[in-house]
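K.L.:
Sequence first, predicted coordinates after that:
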Amino acid sequence: MLKMVVCIKQVPMVSELPWDPATGTLQRDLAEGMMNPACRSALDAALRIKETEGGEITAITMGPPMAEEVLREAIALGADRGVLLTDRKMAGADTSVTSNTLARAIEKACSGFELVLYGFSTSDSETAQVGPQLAEELDIPGVAYVDEIEVSEGTVRMRRISDHFLETLEMDLPGIVTVTTGHYAPRHVPLGGLQAAFAAANIVSLDAAAVGLDPEWIGAKGSATKIRNVYSPTAGKKNIVLTGAPKRIVEQLFERFDDKIGGAIGKDLKTDKNSK
Amino acid sequence: MDFNPCMKHKVVRKAVRMFAEAELGPIAHDIDRDARFPREVVEKMRPLNFFGLQAPKAYGGAEIDTISYAIVIEEISRISAAVGLCLTVHNSVGIYPIVSFGTEEQKKRFLPAMTGGERIGAFCLTEANAGSDADGVETVAVRDGNDYVINGTKIFVTNGGVCGTALIFAVTDTQNPQRSAGVFIVEKGNPGFAVGEIEDLCGMRANPVSSLFLEECRVPETNLLGCPGDGLKIGLATLDAGRIGIAAQALGLAQAAFEDSVRYSKERQQFKKAISSFQTIQNYLADMATEIDAARLLLYRACAVRDAGRPFGAEAAMAKLYCSATATRVTNTAVQIHGGYGYSKEYDVERYFRDAKVTEIYEGTSEVQRMVISRAVLARRT
């Protein structure tokens, strides 16, 4: 039976993102959490493999205790068990430390794993680094930005769009695949599944000591990356008033914007003007 | 006493909100305008257990608790109250009587198709001369061998135009209506059972509310819930459960109107300021928020009493009375805050305003709720 691990992350809910306009920062403590969209696609890929080929799915997440929500949701959708990595010491980890923590936890709690599925990127930090780094940490092959995936007899076949080419790749297992949101549409959560996931679900909670992490190599303490500032990019605009007779206004318009007007109508106006 | 929602209720709300915003959000305005029942969304709801919310797992239900049930109806109604109405009527007054009063044979025969959403349920009490007064029912079911032959006309049947399984309230003895009332299960396709014209109503327009005609409609006696004479008991118990759903629906409407009002008041500029900076608008918003919060607490209290297995009739009546009154007041204020735009079909608050009124009328009018509450109050020792 194919043993799959799906790494999922709880991210702030986009529709209810509380943004402090004064400082331009995200008020994370006020935000409701949701499963990261690409993680939903990775989970959907695993569920489809389970539906056609059979297999067992372990969902694993690292985060505050509230992150248990996304594990219950994953179980409601069809995952078999959940692993919650939660410990205040793990907070503030950069991508390198996160991938190390996840790798050690997968080795510890998901022995015999064959296929690790990962969302290609998260909506709250967008680095797309943890998946590929996880392949390094686990010392297994990995393919990133995969749109579609099939498994047969210990081999995965993947399709992805790369530099406008459609690539088809094959990889032996064990291996890790990061999945885009292109092909796999997230499923809605069935209410009966949710009820069952809360009534009785196989979820283990592990802290840093239980995973056996090196105390120097966890959380903000072990992270080389320091985030200095997070802000909302602002786009400025100013009004330009063109004055004079209509002919003069049109001339000014072309003087200022001939590139843009030319671009819009597909004509090089500068050459046109010069040739006259 | 803990007023914080538990993790399950938070996740249920998020899951349903995500579904409602994605699948109903883009069409909610159009289905109201076109008075169209959104079958394509119903098809998506079926595998997600929306049609078997509290029914036992053994018959295909999700068996969720009553607070979760209220949250589901609230969140669907926040986007489309007409679809919320379809769900609550189907789940509470359609399925609940069969679950509570049906025989094992009846449950096996009727429930799986209903919990799977293949057959949508309806409960038919109201007639031209009966509604709040259940004794006025004129639909008659006459015993004929092992069958009953039903004749009569039901009006204002929610889900009427799309129902697959209708529970018909009828009397078996016209001389003694109260003692002979029964609830009969009649399925679509049964000869003599026909759907009348869809009603042209003020709100809830995406729900095909209609009349139902029963003309020499013959059903086996195994389609009678309980015994002749159990009708009133079944009807009253059903309405207690139904009121929780309508209260949740009203709450969802109020919540939607409130959120739109907050957003609009921050965007709308008058006298070179956002109107949310004016004290009058702030007072409106404060009252709306307070009433919605109070309504929500009353509703969840009624749900918790029901889940604890205690009588919840008075609590459900209070929740229904207050939630529906809150919905009409809040949607009215929301239109006021939106000004002329609020009166325009371009904005959703006009729809909420039309939808809200009926929550004070169906599933027991506000006057009937007060009767139920006052009886409970007067029966208590002071």
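P.N.:
Good, I have the coordinates.
K.L.:
For the stretch 101-250 of chain A, give the residue positioned nearest to chain B.
P.N.:
Relative to chain B, the nearest point of the stretch 101-250 of chain A is residue A:192 (3.5 Å; C-beta to the nearest C-beta). Every C-beta, even on glycine, is put in place using the N, C-alpha and C of the backbone.
K.L.:
Now that residue: closest residue in space, sequence neighbours ignored.
P.N.:
residue B:62 (3.5 Å; C-beta to C-beta, 6 or more residues apart in numbering or on different chains).
K.L.:
Secondary structure element for that neighbour, which one?
P.N.:
Using DSSP states H and E, residue B:62 sits in no helix or strand.
K.L.:
picking that back up, tell me the SS of the residue of the stretch 101-250 of chain A closest to chain B?
P.N.:
Classification of residue A:192 using DSSP: H, G, I helix; E, B strand; the rest coil returns helix.
K.L.:
what pLDDT does it get?
P.N.:
Residue A:192 carries a pLDDT value of 95.
K.L.:
so what's it up against?
P.N.:
B:49, B:52, B:57, B:61, B:62, B:63, B:64 (C-beta atoms under 8 Å, 6 or more residues apart in numbering or on different chains).
K.L.:
Looks like the fifth one contacts residue A:191 (just checking).
P.N.:
It stands for residue B:62. Yes: counting by C-beta atoms under 8 Å, residue A:191 is a contact partner of residue B:62 at 4.5 Å.
K.L.:
what's the burial count for residue A:234?
P.N.:
Residue A:234: 6 surrounding residues under other C-beta atoms under 10 Å in any protein chain shown.
K.L.:
That one - that's part of a helix, no?
P.N.:
No: counting by three-state DSSP, residue A:234 is not found in a helix; it is coil.
K.L.:
Give me the local confidence score for it.
P.N.:
The model reports residue A:234 with a pLDDT of 71.
K.L.:
With the one 5 residues further on instead?
P.N.:
For residue A:239, the model assigns a pLDDT of 86.
K.L.:
Helix, strand or coil: sort out it for me.
P.N.:
Here residue A:239 is coil, with the state taken from three-state DSSP.
K.L.:
Could you report the neighbour count for it?
P.N.:
Here the number of neighbours of residue A:239 (other C-beta under 10 Å) works out to 4.
K.L.:
Who are the contact partners of it?
P.N.:
Contact analysis of residue A:239 by C-beta under 8 Å, 6+ apart lists nothing.
K.L.:
Equivalent analysis for residue B:162, please.
P.N.:
B:37, B:39, B:86, B:120, B:208.
K.L.:
if we can go back for a sec, now the common contact residues for residue B:62 and residue A:191.
P.N.:
The contact sets of residue B:62 and residue A:191 overlap at B:49, B:53 (C-beta under 8 Å, 6+ apart).
K.L.:
returning to what we had before: using ChimeraX, define a selection of the buried residues within the contacts of residue A:192.
P.N.:
Entered in ChimeraX, the line below selects the buried ones among the contacts of residue A:192, by 16 or more other C-beta atoms under 10 Å in any protein chain shown:
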select /B:49,52,61,62,63,64
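K.L.:
Could you export the contacts of residue A:192 to TSV, including columns for pLDDT and distance to residue A:127?
P.N.:
TSV is the format used below for the contacts of residue A:192 (pLDDT from 0 to 100; distance: C-beta to C-beta, whole Å):
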residue	pLDDT	distance to residue A:127
B:49	97	37
B:52	97	42
B:57	95	43
B:61	96	43
B:62	96	38
B:63	95	42
B:64	96	38
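K.L.:
which one of the contacts of residue A:192 sits closest to residue B:2?
P.N.:
Using C-beta to C-beta, residue B:64 is the member of these that lies nearest residue B:2, at 19.5 Å.
K.L.:
Check the stretch 101-250 of chain B for the residue nearest chain A and tell me.
P.N.:
residue B:115 (9.5 Å).
K.L.:
residue contacts, that residue?
P.N.:
For residue B:115, the contact set (C-beta under 8 Å, 6+ apart) comprises B:49, B:51, B:52, B:55, B:59, B:60, B:61, B:95.
K.L.:
list the contacts for the residue nearest to it when sequence neighbours are not counted?
P.N.:
Nearest residue to residue B:115, sequence neighbours excluded (C-beta to C-beta, 6+ apart): residue B:52, at 2.9 Å. Residue B:52 is in contact with A:192, B:59, B:60, B:61, B:62, B:91, B:95, B:111, B:114, B:115, B:116, B:117, counting by C-beta under 8 Å, 6+ apart.
K.L.:
any chance of the contacts of residue B:162 in JSON lines, with neighbour count and distance to residue A:145 too?
P.N.:
Listed next are those as JSON lines, based on neighbours: other C-beta atoms under 10 Å in any protein chain shown; distance: C-beta to C-beta, whole Å:
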{"residue": "B:37", "neighbour count": "21", "distance to residue A:145": "42"}
{"residue": "B:39", "neighbour count": "8", "distance to residue A:145": "38"}
{"residue": "B:86", "neighbour count": "31", "distance to residue A:145": "42"}
{"residue": "B:120", "neighbour count": "25", "distance to residue A:145": "44"}
{"residue": "B:208", "neighbour count": "22", "distance to residue A:145": "47"}
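K.L.:
mind listing which of those are in strands?
P.N.:
residue B:120 (DSSP state E).
K.L.:
What about the contacts of residue B:162, which are in helices?
P.N.:
Mapping those onto helices (DSSP state H) picks out B:39, B:86.
K.L.:
could I get the contacts of residue B:162 as a markdown table with pLDDT?
P.N.:
As requested, those are exported to a markdown table (pLDDT from 0 to 100):
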| residue | pLDDT |
| --- | --- |
| B:37 | 97 |
| B:39 | 97 |
| B:86 | 97 |
| B:120 | 97 |
| B:208 | 96 |
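K.L.:
now the contacts of residue B:162 as JSON lines including distance to chain A?
P.N.:
Formatted as JSON lines, the contacts of residue B:162 follow (distance: C-beta to the nearest C-beta, whole Å):
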{"residue": "B:37", "distance to chain A": "20"}
{"residue": "B:39", "distance to chain A": "17"}
{"residue": "B:86", "distance to chain A": "16"}
{"residue": "B:120", "distance to chain A": "17"}
{"residue": "B:208", "distance to chain A": "24"}
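K.L.:
Could you check which residue of chain B lies nearest chain A?
P.N.:
residue B:62 (3.5 Å).
K.L.:
So, low pLDDT: which residues of the chain?
P.N.:
Using chain A. A:14-30, A:232-233, A:271-276 (pLDDT under 70).
K.L.:
let's do chain B instead
P.N.:
Using pLDDT under 70, the flagged stretches of chain B are B:382.
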